[in-house]
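Engineer: Sequence first, then the predicted structure:
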Amino acid sequence: GRGYFEDNTFNGLGRANTVGIYTNTEVDPSYHNYVRGHVSRSNFTNLDWGVVCEEMPGMQGWAIDFQIGGQTDADCNDFVANNLGGIQLIHCDDNLTASRNYWALASNNAIEGQILHRSDDSSLGLVNFTPAVLAPDLGGTNLVADDFAMFTVTGCVANSPIAFAASFQGSAPLLTRYGIVQLEMPIIRMPTITSDGFGAATNSLWLPLGLTGSKVYVQAYDFTSELLSTLLVGDIL
């Protein structure tokens, strides 16, 4: 049989040695496809690792057949703000499909850093994570106290309403109706801006004088794609 994990939230609350889903093949090496499963529409956050697949050392054959993600973006899982990474293989030489997932990152190179697999250890299998759901990319300039900081997000849908929000408290993940927001309360909401024809939008936020030496945490949300941007963590001068 095949196990299905759907519409779950795995939140490690920042504790060490926490894993959302762990699979292990401590069985006779002659078994094939012993661990079979499909994970979709689930959230993995504030864990050490989102998903860990482990095989018995020296095991041959396709012992793990585990799909993480779906055929469409609607089935994607969210891997956000995990301490060590999203997916880890241990002695596992099986290739895994983990495409169409959201990582709150804007490039495949950045997502690669969230997966421990063949690219890091030639004895391991390959996690096929592309195509991935890439996040809009957020950047900031003029992060100076007693002045307006400027924030620009790119990679949004053209002519889409874009919400901006900020926090001066931190970036502990918070599960909301918009997804896993990496902002701590209280959250400051900036005016909603419509992106231009290239999918970019710019907003501003006044940084009070007393914030010199502290940090500002900012994210944007595209109402059309329903995607949160990357998290900007900026040092206030």
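Structural biologist: Nice, I can see it. Every value quoted in this text rests on a predicted model; they were computed, and no experiment measured them. Numbering: from 1, shown residues only.
Engineer: And stretch 42-56, what's buried?
Structural biologist: Residues of stretch 42-56 classed as buried: 42-55 (neighbour count, 16 or more other Cβ atoms under 10 Å). C-beta: built from backbone N, CA, C; applies to glycine.
Engineer: Show me the residue at the heart of this structure, geometrically.
Structural biologist: Central residue of the chain (Cα atoms, centre = their mean): Trp103, 2.4 Å from the mean position.
Engineer: low pLDDT regions in the protein?
Structural biologist: Along the chain, the model assigns pLDDT under 70 to residues 1, 26-34, 58-63.
Engineer: ok, 90 please
Structural biologist: 1-5, 14, 23-37, 54-66, 70-75, 91-94 (pLDDT under 90).
Engineer: and it, what are its domains?
Structural biologist: Annotated domains of the chain cover 3-128, 137-235 [automatic domain parsing].
Engineer: Could you give the number of residues near Ala120?
Structural biologist: Quick fix: residue 120 reads Asp, not Ala. Asp120: 12 surrounding residues under other Cβ atoms under 10 Å.
Engineer: repeat for the one 4 residues further on
Structural biologist: Using other Cβ under 10 Å, Leu124 has 21 other residues around it.
Engineer: Residue numbering should commence at 435 henceforth.
Structural biologist: Okay, using 435 as the starting number, the last item reads as Leu558.
Engineer: does the residue lying closest to it once chain neighbours are set aside have beta-bridge partners, and which?
Structural biologist: With sequence-adjacent residues excluded and distances taken as Cβ to Cβ, 6 or more residues apart in numbering, Leu558 is closest to Leu523, at 4.6 Å. Beta bridges link Leu523 to Cys487, judged by DSSP bridges.
Engineer: Spit out the contact partners of Leu523.
Structural biologist: Contacts here follow Cβ atoms under 8 Å, 6 or more residues apart in numbering; on that basis Leu523 touches Val486, Cys487, Glu488, Leu530, Leu550, His551, Leu558, Gly559, Val561.
Engineer: biggest separation within these, which pair?
Structural biologist: Comparing every pair within the contacts of Leu523 by Cβ to Cβ identifies Glu488 and Val561 as the most remote, at 13.9 Å.
Engineer: so how far is Gln505 from Ser474?
Structural biologist: Note on Ser474: its distance to Gln505, by Cβ to Cβ, to the nearest Å, is 9 Å.
Engineer: circling back: how near is the residue nearest to the centre of the chain to Gly519?
Structural biologist: Distance, Trp537 to Gly519, by Cβ to Cβ: 10 Å.
Engineer: for Tyr456, same thing?
Structural biologist: Noted for Tyr456: a distance of 14 Å to Gly519, by Cβ to Cβ.
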